[in-house]
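Participant: need a structure here:
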Amino acid sequence: MEQQEDTFEYQVEQFADLQILRYRVPGFEKLSLRQKQLIYYLSQAALEGRDILYHQNGKYNLPVRRLLEAVYVAYKGPRDTDEFRAFEVYLKRVWFANGIHHHYSCDKFVPGFTPDYLRSLVESLPADALPLAEGETCTELCNRLFPVIFDPEVMPKRVNQADGEDLILTSAANYYEGVT
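Facilitator: The predicted model follows:
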């Protein structure tokens, strides 16, 4: 009997220092409807818990992610530029790491695009597409979140375990608001 060539692609995508992989789940189709429903509901619970992890990893992670996602979904301009591709890589890194810091090193990601470029993307969107706080303008949103994204001195480490540094005061993790 001739063996069929395996055409299953395990690597879905690669960007920055990351690879997104998928796996076969042999026997999934043989599970009962009840077992498949359980898997579905567990996956939904995991998605709901994802925002908790973003928030724990940094006070501004959810607003930053929501801003980036708003641009990704609603931006109508060219997407085939180097800057937009750099924007996509940054967004994917934020998705993968559940925030703006590398999942291992805890260092803040450096965007491959400028604040002016992101501002132009944000300003091109209708206000109802943006994750504005009540009464907040587009300019105020950018002023609130851009230092978090672009300034290397603002929240540079998710968890700072360097000798001689105060873990709580120098870490961006959002567990200790107001604690010293």
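Participant: heading C-terminal from the helix or strand containing Y54, find the next helix or strand.
Facilitator: According to DSSP states H and E, Y54 maps onto helix 33-57. Going down the chain from helix 33-57, the next helix or strand is helix 61-74, by DSSP H and E.
Participant: any idea of the mean pLDDT for the helix holding Y54?
Facilitator: Taken as a whole, helix 33-57 has an average pLDDT of 92.
Participant: so where's the protein uncertain?
Facilitator: Low-confidence segments of the chain (pLDDT under 70): 1-5, 176.
Participant: give me the domain ranges for it.
Facilitator: As given by the TED database, the domain ranges for the chain are 11-49, 52-150.
Participant: tell me the SS of I20?
Facilitator: strand (DSSP: H, G, I helix; E, B strand; the rest coil).
Participant: ok, it to Y72 distance?
Facilitator: 16 Å (Cβ to Cβ, to the nearest Å). From N, CA and C alone the C-beta is placed, and that goes for glycine too.
Participant: repeat that for G135.
Facilitator: Where Y72 is concerned, G135 sits at a distance of 25 Å (Cβ to Cβ).
Participant: swap in L18?
Facilitator: 17 Å.
Participant: ok, so what distance separates P152 from Y54?
Facilitator: From P152 to Y54 the distance is 21 Å (Cβ to Cβ).
Participant: these two: who's more crowded?
Facilitator: Remark: of P152 and Y54, Y54 carries more neighbours, 23 against 9, as counted by other Cβ atoms under 10 Å.
Participant: residues near the spatially closest residue to that one that is not a sequence neighbour, how many?
Facilitator: Nearest non-adjacent residue to Y54, counting by Cβ to Cβ, 6 or more residues apart in numbering: N61, 4.3 Å away. The tally of other residues near N61 (other Cβ under 10 Å) stands at 26.
Participant: quick one: contacts for N61?
Facilitator: Y54, H55, V94, N98, G99, I100, N174 (Cβ atoms under 8 Å, 6 or more residues apart in numbering).
Participant: thought N174 was touching the second one, still the case?
Facilitator: Yes: counting by Cβ atoms under 8 Å, a contact exists between H55 and N174, whose distance comes to 5.9 Å.
Participant: all strands of the protein, in order?
Facilitator: Applying DSSP state E to the chain gives strands spanning 11-15, 18-21.
Participant: return the most buried member of those strands.
Facilitator: strand 18-21 (a mean of 12; mean count of other Cβ atoms under 10 Å).
Participant: quick one: list the elements packing against that strand.
Facilitator: Where contact means 3 or more Cβ pairs under 8 Å, 6 or more residues apart in numbering; DSSP states H and E, strand 18-21 is packed against strand 11-15, helix 82-97.
Participant: report the buried residues of the last one.
Facilitator: What that stands for is helix 82-97. E83, F84, F87, E88, V89, Y90, L91, K92, R93, V94, A97 (16 or more other Cβ atoms under 10 Å).
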